[in-house]
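Chemist: have a look; sequence and predicted model below, questions after that.
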Amino acid sequence: MSAKNLDRQGRLRSVTVGFRVSPGEAKVLDAAVHLSGKTKQAYIMSKLQDLTVVVQPSPKIYIALKKELAKVLAELQKINDTDESVDRDLLEIIRLITSTMADLGKES
């Protein structure tokens with residue numbers, strides 16, 4: 001019999017939980033996870049437990065911010081070229097980027 005695979009806190013995590021989201025919701029979730037610097041599992045668990053997600057400034061976070069801002073800029077330019085309206089998912093990603101940058105500014 002193989003040894004049990006425990007996490008850093010000594011917990012045995014043997015239950016898998018899955019759920020479906022829309023493509024827009026997936027994009028927002030991926031952006032939030034990317035900007036937090038956490039794994040998707042750690043980010044979702046902290047949100048489910050109503051814990052505050054604290055972003056620690058690091059080169060990885062600044063690179064994530066730069067990449068997300070480039071994606072937002074591309075979307076906004078596409079919207080500008082076609083005279084479409086900004087969808088809620090893009091606005092949520094912009095809100096996440098803004099709050100992350102504001103939090104990083106407070107710590108500097």
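Modeler: Structure received.
Chemist: tell me the buried residues in the host helix or strand of residue 66?
Modeler: Counting by DSSP states H and E, the element that carries residue 66 is helix 59-82. Buried residues in helix 59-82, counted by 16 or more other CB atoms under 10 Å: 61, 64-65, 68, 71-72, 75. All C-beta spots, glycine's among them, are computed from the backbone N, C-alpha and C.
Chemist: again, but for stretch 101-108
Modeler: Within stretch 101-108, judged by 16+ other CB under 10 Å, the buried ones are 101, 104.
Chemist: what mean pLDDT does it get?
Modeler: Averaging pLDDT along stretch 101-108 yields 72.
Chemist: what does that stretch rub up against?
Modeler: Under the criterion CB atoms under 8 Å, 6 or more residues apart in numbering, residues 55, 57, 61, 65 lie in contact with stretch 101-108.
Chemist: report the contact partners of the last one.
Modeler: What it means is residue 65. Contacts of residue 65 (CB under 8 Å, 6+ apart): 35, 97, 100-101.
Chemist: before we move on, what about the first one?
Modeler: Contacts here follow CB under 8 Å, 6+ apart; on that basis residue 55 touches 35-37, 61, 100, 103-104.
Chemist: could you pull up phi and psi at it?
Modeler: phi -90, psi 120 (degrees, to the nearest 10).
Chemist: mind saving the C-alpha coords of stretch 74-83 as CSV?
Modeler: The C-alpha trace of stretch 74-83 is given here as CSV (Å, rounded to 0.1, in the frame of the first residue of the first chain):
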residue,chain,number,x,y,z
ALA,A,74,-6.1,44.5,-26.7
GLU,A,75,-9.8,43.9,-25.8
LEU,A,76,-10.4,47.7,-25.4
GLN,A,77,-8.8,48.4,-28.8
LYS,A,78,-10.9,45.7,-30.4
ILE,A,79,-14.0,47.2,-28.8
ASN,A,80,-13.0,50.7,-29.9
ASP,A,81,-12.5,49.5,-33.5
THR,A,82,-15.9,47.8,-33.6
ASP,A,83,-17.9,50.3,-31.5
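Chemist: quick one: contacts of it?
Modeler: 84-86, 90.
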